[in-house]
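S.K.: Sequence below, structure please.
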Amino acid sequence: MQGLLHGIAIGQNGDKSLEAFKTEVAPKLDGLLNDPCWVSAPKTSGFTILRPTPGKPLPHETEVQIVYTDDAMYIGFMNYDTAPDSILQQLSGRDGDGNTDYVGITFSCYRDGINGFTFSMTPTGEQWDARLTNSNDEDVSWNAVWDGRCKIVDNGWIAEFKIPFAAIRFPDAPEQIWDINFFREVRRSREFAFWSPVQPGNAGQLVQMGKLTGIKDIKPPTRVFLTPYASFYHNIAEQSQGKAKQESSWNVGADLKLGLNDAFTLDATLIPDFGQVISDQQILNLTPFEVQFQDNRQFFIEGTELFSKAGIFYTRRIGYLPDGYVPNIQLAEGERITSLPFQQQLLNASKVSGRNAKGLGIGVFNAVTARSEAVVTNEEGVSRNVEIYPLTNYNVTVFDQNLKNNSSVSLINTNVLRNGNTYDANVTGTQFDFRDKKNSFSINGSGAYNIKFGGIFEGNTSTNDGFTQNVSFNKISGNFIFSLGQSMESDTYDPTDLGFLQANNSRNQYLWMQYRTFEPFWKLNSVSSSFLVDYNRLYAPNEFTNLFLESESFINTKKFTTYYINLFSSPVRGQDFFEPRTDGMFFKTFRNTGIAGWISTDYRKPLAIDAGGGYTAFENEGRYEYNWRFAPRMRFSDKLFVVYVYRQTHHVNDLGYAIRGQSGEPVFGRRNVVTHTNTLTINYSFNPLMTILCRVRHYWGFSKYKEFFGLEQSGELSASDFQGFVNESGESIGHSVADRSFNSFTIDFIYRWIFIPGSEVSIVWKNDITKADFGVPIPRNLWDDLDYNLGLPQNNNFSIRCLYFLDYHSLKRKKSRGGATS
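M.R.: Model prediction:
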């Protein structure tokens, strides 16, 4: 169900309403809807299809009711179906995206048209929830603690939700009036429908849904949630000569969620433990830029949408050292680095976030990491510890004000303070989105200013600060939409102490246009086509870098097969000022034209195929690129689902930076760059609350050089006397000293059991074999490389973790009832 609301918008003239019914006796959560309160509660129905046939009534009748007590609301769905034995109900785990029917509810408790919560269940009772924003973003990492039961019956299926008032935020008022919508997907016909009609193509996801009334005299409850945990880890790290180092450790800690008032919440993690996060998908990186990885740590991705304003906060800066980080350690003669940590110990982290009744969102995030040290050893075996990263405090503060017409403006600041003589850093940014009354057009943009101070920047005013800005004018609704914009980054802009930026020093102007259809015609459900013109220059000096043209088309057929076609070109030679890795030099890039595409077949079938490929031709003779991908998706049963992905890329006679020459000059090379990626993912669900995920991934990428060149001041390549195919003795070695090979083999096996809402046990096995080789012979083929890779030292980590959810409000209520009974 992930992405179920992506790309759509609630119709702006929604006039449906539903009254909630107060009950003194809570219904039994059994998926039957036969309690007295359900008999008395008002019903609503009449769902309208969004896709594939917008505006038509859903042929399967759906009835919805809401009742509530002082502590929770209960939502009942009666989903009529003339063929209940044909209801699709694949298991995929909490927040999964399986081949299944589902129903759900969306609340916008502050009725601001910008923020909301959504809850959904499948016929098997699997849960899915998310936080929503008006930009069609879904924060699926947000997990509330709620309950529900579902049951397939003779005339369809029933879903019964229990959502505690403590799970959501709402204003302190005598009567609650919320924006609300219900949705349902009948998977076998791919019909997705809303209760309050949705008009495809309208901008904003939460604009004037239906209305919920009738909830009276409910005070926002005390929100105090404590989730203590205990974990055990055993690590086996293979070393040379077949030896292995084994270590075991116990950890205890807790996550705290404290409601400061009806709108604001404090989240804190005390002695955090992120040892069970899934492995990064590492790759061969021949570019001068850092690789950006996804953060899989729950605390850093859940409920952080407020902190994403202006794009200056990258959560992996906290606790992880940057990809490819090489510390500046002064080594004595005969010393070498024998131990280098890839991450810092996180001592604590906390965040306060929320939005008041006037639409002002406030967020404060703070984290502290411990001092990190490397181990340096001399020829006699004597070791010493060297600090590579000091005790550090990270802080983010943001203010985000909702305005009329679903517009908004934000101010955000990030700050990094380091202990000792190392420099500190500060970035202040803003972001705005102004829309017209009909939400047809918008002007949006952002900007930021960074400054570094102290340490090496003490008294240095030439490179310690910089800025970025961008603005665009957009048509955001209707069949035809467009965006016309520009951006700029100064040559000294650097937010990377707590943000991410591949490269600064750029100017960009672009025009993007798209035409899309929503009504089915001929043999097609929908079609969209877009065109992009992207013009780029350097900020300083103001030099041309690249012109890029691109056309994209998406086609979805009535058999629910999707086709994608992409045509692209760089029609003029450009200037790459980053590839040489040398100030003042640039590389003249070559004209190229390419085509790419993919096909995705109907996911309802037991076997579905995703496949695609691409080809790029360059003007220089003999140079081209191609890639292809094949990914079958096999559903063996409603419990077992397997996806295999194989991807191969070839850059033939590619030109790029290779190595430094004897005088430090950049040496370029003609090379073949090849990558192979094999990923096997197995999902098995015992039931909606107990799942196994196993992902096995082997990645091999290499670059093999054929010829070396010098780089002229004009940006052209010239003959070079660089001796890249001989050793220090001048003997031929049969390969290049610049050849690179990168291997990564990982296994992530994750067993998860949610034994009560909010509480779970997880057992994880992680295997990791990673090796980067430089200047060595390249294996002949994929099988030789896999054999080589599996013979390398590996790291195995076994862990078990148990966390238990404690709700102060529920405990207090149980104690009160227990006292009354006695």
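
S.K.: Helices of this protein, start to end?
M.R.: 36-40, 298-301, 782-790, 808-821 (DSSP state H).

S.K.: okay, those helices in TSV with distance to Met585 and mean pLDDT next?
M.R.: Any C-beta I mention is one placed from the backbone N, CA and C, and that applies to glycine too. Converted to TSV, the helices of the chain look like this (distance: least, Cβ to Cβ, whole Å; pLDDT from 0 to 100):
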stretch	distance to Met585	mean pLDDT
helix 36-40	74	96
helix 298-301	38	88
helix 782-790	34	93
helix 808-821	63	62
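
S.K.: Dump these into CSV; add distance to Pro27 and mean neighbour count as well.
M.R.: Below are the helices of the chain laid out as CSV (distance: least, Cβ to Cβ, whole Å; neighbours: other Cβ atoms under 10 Å):
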stretch, distance to Pro27, mean neighbour count
helix 36-40, 5, 14
helix 298-301, 32, 20
helix 782-790, 56, 14
helix 808-821, 17, 11
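
S.K.: Which one of those helices lies nearest to Thr122?
M.R.: helix 36-40 (20.9 Å; Cβ to Cβ).

S.K.: Not counting sequence-adjacent ones, nearest residue to the residue most central in space within the chain?
M.R.: Nearest to the mean C-alpha position of the chain, by Cα atoms, centre = their mean, lies Gln294 at 5.9 Å. Using Cβ to Cβ, 6 or more residues apart in numbering and skipping the chain neighbours, the partner closest in space to Gln294 is Asp280 (7.8 Å).

S.K.: Can you give me the separation between the residue nearest to the centre of the chain and Arg316?
M.R.: Going from Gln294 to Arg316 by Cβ to Cβ, to the nearest Å gives 8 Å.

S.K.: go on, Ala244?
M.R.: 29 Å.

S.K.: More neighbours: these two, which one.
M.R.: The residue with more neighbours, out of Ala244 and Arg316, is Arg316; 19 against 13, by other Cβ atoms under 10 Å.

S.K.: Next up, the contacts around the more buried one.
M.R.: Applying Cβ atoms under 8 Å, 6 or more residues apart in numbering to Arg316 gives the contacts 293, 295, 300, 500.

S.K.: what about 7 Å?
M.R.: Contact partners of Arg316, counting by Cβ atoms under 7 Å, 6 or more residues apart in numbering, are 293, 295.

S.K.: and if you look at the one 5 residues further on?
M.R.: By Cβ under 7 Å, 6+ apart, the contact list for Leu321 reads 342-344, 389.

S.K.: Tell me which two of these sit farthest apart.
M.R.: Checking those with Cβ to Cβ, the most distant pair is Phe342 and Tyr389, at 11.2 Å.

S.K.: more neighbours, those two?
M.R.: When Phe342 and Tyr389 are compared for neighbours, Tyr389 comes out ahead with 20 against 10, by other Cβ under 10 Å.

S.K.: if I read this right, the more buried one contacts Ser372, doesn't it?
M.R.: Yes: at 4.1 Å, Tyr389 counts as touching Ser372 under the criterion of Cβ atoms under 7 Å.

S.K.: Overlap in contacts, those two.
M.R.: Between them, Tyr389 and Ser372 share the contacting residues Gln344, judged by Cβ under 7 Å, 6+ apart.

S.K.: neighbours around the residue nearest to Gln294, how many?
M.R.: Neighbours around Asp280, by other Cβ under 10 Å: 18.

S.K.: now it: how far from Arg297?
M.R.: In terms of Cβ to Cβ, Asp280 sits 12 Å off from Arg297.

S.K.: One more: Glu625?
M.R.: From Glu625 to Arg297 the distance is 35 Å (Cβ to Cβ).

S.K.: So for these two, which residue has more residues nearby?
M.R.: Arg297 (21 against 18).

S.K.: In contact with that one, which residues are there?
M.R.: Arg297 neighbours (Cβ under 7 Å, 6+ apart): 274, 277.

S.K.: can you check Leu391 too?
M.R.: Leu391 neighbours (Cβ under 7 Å, 6+ apart): 370-371, 419.

S.K.: switch to 8 Å and redo it
M.R.: If you count contacts by Cβ under 8 Å, 6+ apart, then Leu391 has 368-371, 418-420 around it.
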